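1. next one to model:
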Amino acid sequence: MRDEEFFDEQQGDIEGQEFLRVRTPRGKETLGIVEQRLGASRMNIKCFDGKIRICRIPGRLKRKLWVREGDVVLVEPWELGGDEKGDIIYKYKKNQVQWLQNRGYIKSVEESEEF
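-> So this is what the prediction gives:
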């Protein structure tokens, strides 16, 4: 493998890059947009079900998952306090967000920030 190919694979979010599968919400999972980072791997998430939750990144994902404001994430609400709290279990890349928009899972990200 050439160094350039390896570098492209490490980038992960290249415009023309194809992907095999996109993780879609199952069961109680919902999509959301990161509004504000609170610290200690917690953040405010505006979910597409109309609720604002304080979500955390579980320990198994803390070093693998870097989330910034404006990112689209998959949230799993807690069983107790699920309307207020949850876990971030996946972060979508730009091309995956476009795929979700085309399939009707989410409206455009700009429109969703208004609700």
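2. in the protein, where is pLDDT below threshold?
-> Counting by pLDDT under 70, the ranges of the chain that qualify are 1-19, 108-115.
3. neighbours around R26, how many?
-> Here the count is done by other Cβ atoms under 10 Å, and R26 has 8 residues near it. C-betas here are computed from N, CA, C, even on glycine.
4. pairing partners for the helix or strand where G32 lies, with directions?
-> Assigned by DSSP states H and E, G32 falls within strand 30-39. Partner strands and pairing direction for strand 30-39 (DSSP bridges) are strand 42-47 (antiparallel), strand 72-77 (antiparallel).
5. out of those strands, deepest packed?
-> Of all these, strand 72-77 has the most neighbours on average by mean count of other Cβ atoms under 10 Å, namely a mean of 22.
6. gap between the helix or strand following that strand and the chain center?
-> Remark: after strand 72-77, the chain's next helix or strand is strand 85-91, criterion DSSP H and E. Its chain's average C-alpha position is 8 Å from that of strand 85-91, according to Cα atoms, centre = their mean, to the nearest Å.
7. tell me the helix or strand right after strand 85-91.
-> helix 94-103.
8. tilt between that following helix and strand 30-39?
-> Interaxial angle, helix 94-103 versus strand 30-39 (axes from the mean of the first three to the mean of the last three Cα atoms, to 10 degrees): 140 degrees.
9. contacts for stretch 25-45?
-> 46-49, 52-57, 62, 67-77, 82, 86, 88-89, 100, 105-106, 109, 112-113 (Cβ atoms under 8 Å, 6 or more residues apart in numbering).
10. any idea how far R21 is from the residue nearest in space to the middle of the chain?
-> Among the residues of the chain, the one closest to the centroid is V73, at 1.4 Å (Cα atoms, centre = their mean). Plainly put, V73 is 17 Å away from R21 if you go by Cβ to Cβ, to the nearest Å.
11. how about E79?
-> 27 Å.
12. equivalent analysis for R103, please.
-> For R103, the distance to R21 - Cβ to Cβ - is 13 Å.
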